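Asker: no sequence on hand, only this structure:
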């Protein structure tokens, strides 16, 4: 019987609804498909599935429990570090994890980098080690790492191409949305860089209800309340009782007006849920446009308005075909297996 291999996933927080946690779970799924037993280790997370280590979280209030960290990392064949060594929101946690992983097989997956935020820009590039591999989620991220002397491969975020069909009628009824009401969905957290005024303006221009699914973070609460209070259209907030599949089903248009995203999962999620998308050209979005997707400009609502009057469903089908070619989650186990073979974690004849 082949010995069970063990992989660890380490981050500031795991098991939540934030993008890094969601993407980490996709890698956990892929590693399990490859036969690994997956252990989740973080500074915050679900106590049933995540081993919580004091001092590793973003909101740290004490030193890292290094003894507990070393115990958690012991006997793991490979460790995936999700953003903790990329964006130094807790430098002490980064130092402790990097030290514990020296000369051990690890994949550092970079969602955000220090220079992407003003408050961490001076802290420099992620650490490096000959036993590690760096994976960026965009070509922009990989090129920026290269400028700092760090070589990284690119592995885009992956998605289920045929997600469950949400319940449009039930979700609309639960959210108080009339059958004839047009809905513009912004499925993001509420942060300044999410550019909520532009998303709201698009909804107002289309005579539509604006739906923002997540709460304010990073001190944005007062500004968000002011923006919402000045709105000239109906505003819905929160995900509601359903799943995100239900939310997408209830919407007519998706908007991602951000000035910055490390990737922007709603881009591909809108495509797999067959919804038209109004997408701002933040830097990484240009990579997605270059793949051939047809999206609308949130600054120019007239084009989207015309499409809604006479929808070209072929546009949605072509977008979906492009997504399947580049972002299918079924390809993820094979991509990870390739990295693990290069690292010597699995042999040439293992994997999918």
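Answerer: On my side now, so go ahead. Given the structure is predicted, the values throughout are model-derived calculations rather than measurements.
Asker: now do the contacts for residue 149.
Answerer: Residue 149 sits next to 125, 128 when contact means Cβ atoms under 8 Å, 6 or more residues apart in numbering. Every C-beta, even on glycine, is put in place using the N, C-alpha and C of the backbone.
Asker: that one belongs to a helix?
Answerer: No. Counting by DSSP: H, G, I helix; E, B strand; the rest coil, residue 149 falls outside a helix, being coil.
Asker: pLDDT value on it, please?
Answerer: With respect to pLDDT, residue 149 has a value of 96.
Asker: ditto for residue 344
Answerer: Taking residue 344 on its own, its pLDDT is 95.
Asker: please name the residues that touch it.
Answerer: Counted by Cβ under 8 Å, 6+ apart, residue 344 has contacts residue 105.
Asker: and residue 291, by the same measure?
Answerer: Contacts of residue 291 (Cβ under 8 Å, 6+ apart): 322, 326.
Asker: same check, this time on residue 208
Answerer: Contacts of residue 208 by Cβ under 8 Å, 6+ apart are 181, 182, 183, 184, 233, 252, 253.
Asker: can you check residue 37 too?
Answerer: 4, 5, 6, 7.
Asker: mind listing what's buried along the helix or strand harbouring it?
Answerer: Residue 37 is part of strand 36-45 when elements are defined by DSSP states H and E. For strand 36-45, the neighbour count (16 or more other Cβ atoms under 10 Å) marks 36, 38, 39, 40, 41, 42, 43, 44, 45 as buried.
Asker: pretty sure the last one contacts residue 18?
Answerer: Looking back up the chat, that one is residue 45. No. Assessed by Cβ atoms under 8 Å, residue 45 is found out of contact with residue 18, at 10.7 Å.
Asker: hang on, the earlier thing: looking at the contacts of residue 208, which are in helices?
Answerer: Among the contacts of residue 208, no member is found in helices (DSSP state H).
Asker: just the buried members of the residues you listed?
Answerer: Buried, going by 16+ other Cβ under 10 Å: 182, 183, 184, 233, 252, 253, out of these.
Asker: could I get the residues you listed as a markdown table with pLDDT and distance to residue 49?
Answerer: Below are these laid out as a markdown table (pLDDT from 0 to 100; distance: Cβ to Cβ, whole Å):
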| residue | pLDDT | distance to residue 49 |
| --- | --- | --- |
| 182 | 98 | 39 |
| 183 | 98 | 33 |
| 184 | 98 | 35 |
| 233 | 97 | 40 |
| 252 | 98 | 35 |
| 253 | 98 | 35 |
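Asker: let me have those residues in a markdown table, extended by distance to residue 259.
Answerer: Shown next, in a markdown table, are these (distance: Cβ to Cβ, whole Å):
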| residue | distance to residue 259 |
| --- | --- |
| 182 | 25 |
| 183 | 23 |
| 184 | 18 |
| 233 | 22 |
| 252 | 24 |
| 253 | 20 |
